[in-house]
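# A predicted structure for the sequence below; I have some questions about it.
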Amino acid sequence: MHSFLSGPGLKHGRVSLLLLLLSLWLLPQQETQAQVIYTGGSNMQLLYGRHLNQPADLATITVEHFGMVGAFEHFGFADLSNDVSLANPDLYMEWYPKLSLSRASGSEVSFGPVSDVLVGGGVNVLFGGSEDFFVYLLGPAFKFKLPGQGLLQLETFYYKQHGGEYSGTYQFTPSWDIPLPASEKVHFRFRGFMDFIGDRGPGTTQYLTQPQLLLDLGNLGGKPGKIYGGTEWRYWHNVIGLEGVNESILQANILINL
């Protein structure tokens, strides 16, 4: 069994973690709040990028949605991606429903830096790939206290890919969405995630990270939070569990809140 904390791809994971720590350090120093303020919503993203380790390009249309009803919340997204023509694209979808123990119980379920504990699961589905891909996940998630608005959470899942040859494994996913105001007009937003997935039987451990640094373009014209522009770096170490097969793509990103 191979560890996801070994091999040449580790330095890329460290870069994303260092960026996350830097963003937290740059946040205005305010009293942390017990409950994370994160309203989410829906957005559409238009991405275009070049592979840094092979002569190919990638175009993607992404739709994301975060919603909350009472003690329940859910997050999902759909990626439509292929080369720049988007002819015969692949469709990849993930959906994660969760139950907040704090909101369900009516009393704060927190400890140390953790502001809330949630239980839930998820499904991952790919349409159009070379073979069927379906994964289900189950486990707890932890939200962390932050100054002001923003999101920092850690999801810890049991991960099972459909197919008799695949064994169950783990997935750890830290994710974040943090505002970084540099001045009254210039507002940045640092968001992204890292998926660490264990050995499933066929295939070794892998991790995928997609940090984004976005500028609030709408705020420059007095309409904050409407449209963002910036970059996303997608790095996948041991793609789909294939040892030594890595993907690195630098992409331009336009994000439009719906």
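Here it is on my side, so go on.

# how far away is residue 227 from residue 112?
Counting by C-beta to C-beta, to the nearest Å, the gap from residue 227 to residue 112 is 37 Å. Using the backbone N, CA and C atoms, a C-beta is placed for each residue, glycine as well.

# Tell me which residue is most central in the protein.
In the chain, the residue lying closest to the centroid (C-alpha atoms, centre = their mean) is residue 193, at 3.2 Å.

# Parallel or antiparallel, which strands does the helix or strand harbouring it pair with?
Using DSSP states H and E, residue 193 sits within strand 187-197. Looking at strand 187-197 with DSSP bridges, its partner strands are strand 169-181 (antiparallel), strand 206-209 (antiparallel), strand 212-216 (antiparallel).

# Go through those and name the closest to residue 50.
Closest to residue 50 of the strands paired with strand 187-197 is strand 212-216 (C-beta to C-beta; 16.5 Å).

# what sits against residue 44?
61, 62, 63, 64, 255, 256, 258 (C-beta atoms under 8 Å, 6 or more residues apart in numbering).

# So it lies in a strand, does it not?
Yes. The assignment for residue 44 is a strand, going by DSSP: H, G, I helix; E, B strand; the rest coil.

# hey, what's the residue nearest to residue 162 when sequence neighbours are not counted bridged with?
Nearest residue to residue 162 in three dimensions, chain neighbours excluded: residue 134, at 4.1 Å (C-beta to C-beta, 6 or more residues apart in numbering). For residue 134, the beta-bridge partners under DSSP bridges are residue 125.

# Can you tell me which of the contacts of residue 44 is nearest residue 78?
residue 63 (5.2 Å).

# before we move on, back to that, now for the strands paired with strand 187-197, which one comes closest to residue 246?
Minimum separation from residue 246 across the strands paired with strand 187-197 (C-beta to C-beta) falls at strand 206-209, 9.7 Å.

# in the protein, which spans are helices?
10-26, 101-105, 217-220 (DSSP state H).

# Any idea which of the ones you listed has the lowest pLDDT on average?
When the helices of the chain are compared by mean pLDDT, helix 10-26 comes last with a mean of 49.

# Just the pLDDT for residue 120.
What the model reports for residue 120 is a pLDDT of 98.
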